[in-house]
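> what's the 3D shape of this:
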Amino acid sequence: MLLLHPDELPIINGEKLTLRPITDADTDDIVRWRNDPSVRQYFLFRETFTPEMHREWLRNKVATGKVIQYMIVERESGRSVGSVYLRDVDPVCESAEYGIFIGEPQARGRGLGTETARLFTRFGLEVLRLHRISLKVLGGNSIAQRSYEKAGFRVEGIFRDYVKLDGKFTDVVFMARLSEEE
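Reported below is the predicted structural model:
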């Protein structure tokens, strides 16, 4: 696995979007999006998100390479619309966990999530030379699951009633993409 210092991370260009490394200047957007109920409903972590929490994440996770996080920028408008990351980067097992959210409502349903998943997992598998990228998606979030499948992820299992959210138990679907499936 190739370990890149956060300052060495490349910009990734796609058809409809550009992915660029996150900076402290993105804090206001991240906090606003993470606290939006339409985004928060798909997260396992649902506490109110603060600028201090985000800056601590940047310091302790992103700056140390435990997380590689990018902003999703719509090419046409130049506007940031969401974020994508690889967390729990493990150089020994050559693995990481994938996460994404589209924060701007008007950017949803336009294929940006699927394009991001394809680009960012390709970056993880080909550039960082990860062997395995996994993810968790809440049961019932079929739109996200289909998007991940289009990007090459496969369902590995369903953990029934894995979490209790908003007072009710919810399944969690575990998915992964392996380097040899490229």
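
> Check the offset of the host helix or strand of Val73 from the chain's centre.
Using DSSP states H and E, Val73 maps to strand 68-74. Chain-centre distance of strand 68-74: 9 Å, with C-alpha atoms, centre = their mean, to the nearest Å.

> Give me the sheet partners of that strand and which way each runs.
Within its sheet, strand 68-74 is paired with strand 17-21 (antiparallel), strand 80-90 (antiparallel), according to DSSP bridges.

> Can I get those in CSV including mean neighbour count?
No exception for glycine: its C-beta is placed from N, CA and C like everyone else's. Listed next are the strands paired with strand 68-74 as CSV, based on neighbours: other C-beta atoms under 10 Å:
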stretch, mean neighbour count
strand 17-21, 20
strand 80-90, 20
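
> Which of those strands sits closest to Tyr98?
strand 80-90 (6.1 Å; C-beta to C-beta).

> Adding mean pLDDT and distance to Thr50, write the strands paired with strand 68-74 out as JSON lines.
Output for these, formatted as JSON lines (pLDDT from 0 to 100; distance: least, C-beta to C-beta, whole Å):
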{"stretch": "strand 17-21", "mean pLDDT": "97", "distance to Thr50": "22"}
{"stretch": "strand 80-90", "mean pLDDT": "96", "distance to Thr50": "16"}
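
> mind putting these in TSV, distance to Val127 included?
Compiled in TSV, the strands paired with strand 68-74 are given as follows (distance: least, C-beta to C-beta, whole Å):
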stretch	distance to Val127
strand 17-21	12
strand 80-90	11
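
> Just checking, which helix or strand of this structure averages the lowest pLDDT?
The least trusted helix or strand in the chain, going by mean pLDDT, DSSP states H and E, turns out to be helix 37-40, with a mean of 86.

> next one: the helix or strand just after that helix to chain centre, how far?
Using DSSP H and E, the helix or strand that directly follows helix 37-40 along the chain is helix 51-57. Mean-position distance between helix 51-57 and its chain equals 17 Å (C-alpha atoms, centre = their mean).

> Could you list the low-confidence segments of the protein?
Along the chain, segments meeting pLDDT under 70 span 182.

> which residue packs closest to Pro21, ignoring adjacent ones?
Leu9 (4.5 Å; C-beta to C-beta, 6 or more residues apart in numbering).
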